[in-house]
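*Asks:* using only what follows, build the 3D model:
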Amino acid sequence: MFVATLVASGSIGQGDIAAAADRLAQAGCQPGENHWLDRDKAADLFFAADPVSARAALADVGQGIDVIVQPVEGRAKKLLIADMDSTMITVECIDELADYAGIKPQIAEITERAMRGELDFEGALHGRVALLKGLPDSAIDQCRQERVVIMGGAKALVRTMKARGARTLLVSGGFTRFTGPVAAEIGFDVHVANVLEIADGALLGSVTRPIVDAARKRAELEAAIAGGIDRALTLAVGDGANDIPMIEGAGLGVAYHAKPVTRAAAAAEIVHGDLSVLLYAQGIASADWVID
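*Replies:* Model prediction:
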C-alpha cells in the first residue's frame, strides 16, 4: 500500500482531493480511502499500485500543492539527515559572509554554479574561501547574528522527530562556525561541516581537509544505517547538487526548493511549502508537532 500526501501552501479543498483520486485511478494506481491530516491544509490519499505513475499523475494536481508519494510502511522515519544552507536556513552562509568582504556577487555566482552541479564542489569551495582571506574572524559571528534565519518548519520538524525517537543530523558543505549554533537552535543531535582556518584574528583563506562534500554527506548517511537504522526509515533533505548522493541513498530523499539537477535526482520534492511538509509526509498532524 502507498500513500500520496497532499500539502497546500495555502488551502486545499475537497475538490482537489477528488481530482487527485481521479488522476490516481486514470493512472491505474487503484486509489482507496483518503482522509485529512489537517482540514483544508493536508490530506493522505491511499492507493495500491505504481507509485512512479502516481507521482507523475499528481505532479501538478493543484496550485501551491506539494505531493509526497511513498510506501505506507516505514513513512515514520527514524533518521533525518539534512543540508543547512537554503534548507534548514534561508541563506547561503558563504555568500552572506562574502558581503562583509565586499565581494558577495562574485562568490554568489560561484555558489550558484556549484549548487547546480556545474562546478566541482571541492574546487569551488577552496576558490571561494581563498577570496575571503584576511576577513576578520569577528565577521563570522556578526554574519550569523545578522543574516542567518531559520527556515520555516525546521524547528518543528527536528523537534517532533526527536520526540518520536529519531536521530537528527545536520551535514553541511558550509562551516562549523555556522552549523554549531544553527544545530543548537533548531535541536539537531549532531552537526558536521567544514572548519575555516583562522590565525591572528583573521581568515587564512583555507579550510581543513578532508572537506565535507557530497561523498561525506552520503558517508554520514551510510554510517547511521550501519549503526542500526533501517535505510527505509531514513529521510534526507537538501537543495544542491552536493546533496544528491545522500538524497538518492535515503529511504525518502527530498529536494527542497532545489536546483533542477537535484529535483531530477530526488524521489520527492517540496516546491511550495516549508519543511513542515515533511511532518505531514510522515502522517503527523499539526496538533502533534513539538513547537517549543
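
*Asks:* which ones are touching the spatially closest residue to V148 that is not a sequence neighbour?
*Replies:* Spatial nearest neighbour of V148, excluding adjacent residues (Cβ to Cβ, 6 or more residues apart in numbering): I89 at 5.3 Å. Every residue, glycine included, has its C-beta placed from N, CA and C. Residues near I89 by Cβ atoms under 8 Å, 6 or more residues apart in numbering: V148, V149, I150, M151, A154, F178, V182.

*Asks:* which of those lies closest to F188?
*Replies:* V182 (8.0 Å; Cβ to Cβ).

*Asks:* what does D120 show for phi and psi?
*Replies:* phi -60, psi 130 (degrees, to the nearest 10).

*Asks:* leaving out chain neighbours, which residue sits closest to it?
*Replies:* Spatial nearest neighbour of D120, chain neighbours left out: A114 (7.8 Å); criterion: Cβ to Cβ, 6+ apart.

*Asks:* how about the helices in the stretch 1-150 of the chain?
*Replies:* Ranges of helices in the stretch 1-150 of the chain, per DSSP state H, counting those that start in this stretch, are 14-26, 51-57, 93-100, 104-115, 121-131, 138-147.

*Asks:* just send these back as JSON lines, with mean neighbour count and distance to I65 too.
*Replies:* Compiled in JSON lines, these are given as follows (neighbours: other Cβ atoms under 10 Å; distance: least, Cβ to Cβ, whole Å):
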{"stretch": "helix 14-26", "mean neighbour count": "17", "distance to I65": "7"}
{"stretch": "helix 51-57", "mean neighbour count": "18", "distance to I65": "13"}
{"stretch": "helix 93-100", "mean neighbour count": "23", "distance to I65": "30"}
{"stretch": "helix 104-115", "mean neighbour count": "18", "distance to I65": "25"}
{"stretch": "helix 121-131", "mean neighbour count": "18", "distance to I65": "33"}
{"stretch": "helix 138-147", "mean neighbour count": "15", "distance to I65": "31"}
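
*Asks:* out of those, which gets nearest to M1?
*Replies:* With Cβ to Cβ as the criterion, M1 lies closest to helix 51-57 of the helices of the stretch 1-150 of the chain, at 10.3 Å.

*Asks:* hmm, back to that, of the helices of the stretch 1-150 of the chain, which is nearest E222?
*Replies:* helix 121-131 (18.5 Å).

*Asks:* the residue nearest to V148 pairs with what?
*Replies:* Counting by DSSP bridges, I89 is bridged to I150.

*Asks:* can you pull the pLDDT of it?
*Replies:* On pLDDT, I89 comes in at 98.

*Asks:* same question for Q63.
*Replies:* Q63 is assigned 89 on the pLDDT scale.

*Asks:* number of nearby residues for it?
*Replies:* By the criterion of other Cβ atoms under 10 Å, Q63 has 11 neighbours.

*Asks:* for I150, same thing?
*Replies:* Counted with other Cβ under 10 Å, I150 comes out at 14.

*Asks:* separation between it and D243?
*Replies:* Distance of I150 to D243, given as Cβ to Cβ, to the nearest Å: 18 Å.

*Asks:* and the contacts of the helix or strand hosting V237?
*Replies:* According to DSSP states H and E, V237 maps onto strand 234-238. Contacts to strand 234-238, defined as Cβ under 8 Å, 6+ apart, come from residues 77-83, 87, 217, 221, 224-225, 243, 246-247, 249-256, 258, 262, 275, 278.

*Asks:* so which of those residues belong to helices?
*Replies:* Residues of the contacts of strand 234-238 located in helices (DSSP state H): K217, L221, A224, I225, M246, I247, G249, T262, L278.

*Asks:* which among these gets closest to A48?
*Replies:* L278 (24.2 Å).

*Asks:* give me the below-cutoff pLDDT ranges for the stretch 151-292 of the chain.
*Replies:* Low-confidence segments of the stretch 151-292 of the chain (pLDDT under 70): none present.

*Asks:* switch the cut-off to 90
*Replies:* 291-292 (pLDDT under 90).

*Asks:* walking through it, point out its strands one by one.
*Replies:* Along the stretch 151-292 of the chain, counting by DSSP state E, counting those that start in this stretch, strands occupy 167-175, 190-194, 196-199, 202-207, 234-238, 252-256, 268-270.

*Asks:* can I get the ones you listed in a markdown table including mean neighbour count and distance to A59?
*Replies:* Below are the strands of the stretch 151-292 of the chain laid out as a markdown table (neighbours: other Cβ under 10 Å; distance: least, Cβ to Cβ, whole Å):
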| stretch | mean neighbour count | distance to A59 |
| --- | --- | --- |
| strand 167-175 | 24 | 28 |
| strand 190-194 | 21 | 33 |
| strand 196-199 | 15 | 41 |
| strand 202-207 | 18 | 39 |
| strand 234-238 | 28 | 19 |
| strand 252-256 | 26 | 13 |
| strand 268-270 | 25 | 9 |
